[in-house]
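1. The sequence isn't on hand, but the structure is:
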């Protein structure tokens, strides 16, 4: 009889350990960070800023302000920093005016990256800018 009670007790513990949760778990998105960079691009020049991506995910780059004039278009690119320069990745650059909408988006892997802001040949004076980079 003791053996039967022990077996029933063992089965009760085993079935309790195998209880299925009622709510399925969903993976959460990685936390997003936003870096804001400001500066001035001289005529026929560019400026680079570095940022660190801690996990794979989407990066968005937005040139939020550039002037004078407020309609000026600038070169914007994402790449890898080396020797004080930003080696812009193939397909990761655009020429655009300042906007509230991201001009560049893409998926990146963890590591050190850079954003480059440059004169595309239309500047007649130094241009002050603000660029935001959102990343995991």
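-> Structure received. Small disclaimer: the values here were computed from a predicted structure and weren't measured.

2. State the pLDDT value of residue 7.
-> pLDDT recorded at residue 7 is 34.

3. what's near enough to touch the most centrally placed residue in the chain?
-> Nearest to the mean C-alpha position of the chain, counting by Cα atoms, centre = their mean, stands residue 135 at 1.9 Å. For residue 135, the contact set (Cβ atoms under 8 Å, 6 or more residues apart in numbering) comprises 32-33, 35, 51, 53, 57-60, 108, 113. Just so you know, the C-beta spots here come from the backbone N, C-alpha and C atoms, and that holds for glycine as well.

4. Would you mind giving those residues as TSV with distance to residue 77 and secondary structure added?
-> What follows is the contacts of residue 135, written out as TSV (distance: Cβ to Cβ, whole Å; DSSP: H, G, I helix; E, B strand; the rest coil):
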residue	distance to residue 77	secondary structure
32	21	coil
33	20	strand
35	15	strand
51	13	strand
53	16	strand
57	19	strand
58	17	strand
59	12	strand
60	14	strand
108	13	strand
113	11	strand
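
5. Fine by me, thanks again.
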